[in-house]
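>>> structure, please.
(2 chains)
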Amino acid sequence: EAGVTQFPSHSVIEKGQTVTLRCDPISGHDNLYWYRRVMGKEIKFLLHFVKESKQDESGMPNNRFLAERTGGTYSTLKVQPAELEDSGVYFCASSQGGPWDEQFFGPGTRLTVL
Amino acid sequence: AQRVTQPEKLLSVFKGAPVELKCNYSYSGSPELFWYVQYSRQRLQLLLRHISRESIKGFTADLNKGETSFHLKKPFAQEEDSAMYYCALNTGTASKLTFGTGTRLQVTL
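Next up is the predicted model:
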């Protein structure tokens, strides 16, 4: 079975541009999470979907970030306009059921904002 | 708010030597603690969790509530253990993971 997939694997954009990251969770997983690791810092939670609903978006840094999960399947994370401090690795994870369930991570998208 | 601390950025040990990766946490309730590992060019994956009390790849971790620690241990390091190790916490009420900054384990011959 395919694991969590993310696209693109790398993205290099200029400050002020827009970037959209995509995550396809494991089939049947209702929970989808976005995390981010900024250089030298810890992996930080951004938000959590349960199916198509945002369960927790307390980690979203500001309103330049918009996450969607239409139909409860794949999710997108759009950054508009991108700033230098948005550079980092964006991870997506999915899990099947309750809060204690193992989260399966995607390979990450490395975003570089110049 | 909860917090996870991994004091060592890099831990270098010889093959066959014991390994201990430190993890301390702060949370007023009863957390679920995890160790995740990321091998070179691979994705982050769960190594073990305290609730299952398993030993995976020879690694064990005991939750010490008095010291608020969840150190990862292995009696004899192997070359293939070289990787980035992250300690993480889940409060259960919110299923997000809170990660430490990670420790890079380097096992040399």
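
>>> for chain A, what's the nearest residue on chain B?
Taking C-beta to the nearest C-beta as the measure, chain B has B:Ser95 as its residue closest to chain A, at 3.4 Å. In this view, the C-beta of every residue, glycine as well, is placed from N, C-alpha and C.

>>> mind listing what that residue touches?
Each residue near B:Ser95 by C-beta atoms under 8 Å, 6 or more residues apart in numbering or on different chains is listed here: A:31, A:33, A:48, A:55, A:95, A:98-101.

>>> one more pass at 10 Å, please.
With contacts defined as C-beta atoms under 10 Å, 6 or more residues apart in numbering or on different chains, the neighbours of B:Ser95 are A:31, A:33, A:45, A:48, A:50, A:55-56, A:95, A:97-101, A:103, B:32.

>>> then A:Cys92?
A:4-6, A:21-25, A:32-35, A:46, A:74-75, A:77, A:103-109.

>>> name the nearest residue to it, sequence neighbours excluded.
For A:Cys92, the nearest residue in space outside its immediate sequence neighbours is A:Cys23; the separation is 3.3 Å by C-beta to C-beta, 6 or more residues apart in numbering or on different chains.

>>> run through the bridge partners of the one you found.
Taking DSSP bridges as the rule, A:Cys23 bridges to A:Gln6, A:Ser75.

>>> tell me, how many residues neighbour it?
When neighbours are counted by other C-beta atoms under 10 Å in any protein chain shown, A:Cys23 registers 25.

>>> the one 5 residues further on too?
Using other C-beta under 10 Å, A:Gly28 has 8 neighbouring residues.

>>> tell me the residues of chain A that contact chain B?
Of all the residues in chain A, those in contact range of chain B (C-beta under 10 Å from any C-beta of the partner chain) are A:3-4, A:6, A:31, A:33-35, A:37, A:40-48, A:50, A:55-56, A:58-59, A:91, A:93, A:95, A:97-108.

>>> angles on the backbone of residue 11, please.
No chain in the question, so chain A it is. Dihedral angles phi and psi of A:Ser11 (degrees, to the nearest 10) take the values phi -150, psi 130.

>>> please give me every residue in contact with it.
Counting by C-beta under 10 Å, 6+ apart, A:Ser11 makes contact with A:17, A:19-21, A:79, A:82, A:90, A:109-113.

>>> try 8 Å this time
In this structure, A:Ser11 makes contact with A:19, A:21, A:109-112, judged by C-beta under 8 Å, 6+ apart.

>>> who in chain B is up against chain A?
Within chain B, the positions lying close to chain A (C-beta under 8 Å from any C-beta of the partner chain) are B:4, B:32, B:36, B:43-46, B:49, B:51, B:86, B:90, B:92-102.

>>> swap in 7 Å and give it another go.
For chain B, the residues in contact with chain A (C-beta under 7 Å from any C-beta of the partner chain) are B:32, B:43-46, B:86, B:90, B:92, B:94-97, B:99-101.

>>> where are the low-confidence patches of chain A?
Low-confidence regions of chain A, defined here as pLDDT under 70, cover residues A:1, A:99.

>>> give me the phi and psi angles of the residue most central in space within it.
Of all residues in chain A, the one closest to the mean position by C-alpha atoms, centre = their mean is A:Trp34, 3.4 Å from it. Here the main-chain torsion angles of A:Trp34 (degrees, to the nearest 10) amount to phi -120, psi 140.
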